[in-house]
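Colleague: Got a sequence here, can you model it:
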Amino acid sequence: MIRKVLVSSCLLGRNVRYDGSYKLAEHPVLDRWQSEGRIVSICPELTVGFPTPRPSAELTTGSGEDVLRGKGSVLEQTGRDVTSLYIDGAAAALELALSHGCKYAVLTDGSPSCGSSFVYDGSFQGNTISGNGVTASFLKQAGIAVFSQKQIEELDLILRENEAQERADDTFSGSPDLEVRA
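Modeller: As a prediction, the model looks like this:
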């Protein structure tokens, strides 16, 4: 069984980022996953109606986990509070992942939505802090393993090992029972 992977649309060359660009992760593994039909693509911001381009946004207090606990927010550089929209986008990403049986996601680091190891600190000065974006946090809380675009090879190895084990298990479980003689 081929496991599906939720992947940030901007990593696949789609112009969905806040500035109308993409953040293509040119990687042979992504190309292979595409040909295998493994990729489920999403931009959480677009699913809730954000335009492209749009004002940049950053987490203003802590990380995505803080936002989900009601102790943080996401603000656009204009000052507009878009926290509830980011939470809605995270919920849409989770719903899509679950509907396709995704147990893994590759998300764009740094994003207030998809960041999986760092996010920007809310100063709009390019400063980063360790932590997850809102969608990454939401997916992790639901048991989906989240990787950054820098961890594609690591995830590919995990997928190959899991699928090899599943094939071995299927082969073993399909073997006829052996008669034991004393």
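
Colleague: Please count neighbours and contacts with C-alpha atoms only from this point.
Modeller: Fine.

Colleague: just checking, what's the longest helix in this protein?
Modeller: For the chain, the longest helix by residue count, based on DSSP state H, is helix 152-173.

Colleague: Okay, now the unreliable bits of the protein?
Modeller: Applying pLDDT under 70 to the chain flags residues 172-182.

Colleague: 90 - rerun?
Modeller: Where the chain drops to pLDDT under 90, the residues are 1-2, 23-26, 61-62, 166-182.

Colleague: In the longest helix of the chain, which of the residues would be classed as buried?
Modeller: 152, 155, 159 (16 or more other C-alpha atoms under 10 Å).

Colleague: With stretch 21-36 instead?
Modeller: The neighbour-count check on stretch 21-36 (16+ other C-alpha under 10 Å) flags 22-25, 30, 33 as buried.

Colleague: Taking those residues, tell me the two that lie furthest apart.
Modeller: Largest separation among those by C-alpha to C-alpha: 22 and 33, giving 18.8 Å.

Colleague: now the strands: where do they sit in the protein?
Modeller: With DSSP state E as the criterion, the chain has strands at 5-8, 39-42, 57-59, 74-76, 104-107, 118-120, 128-130, 145-148.
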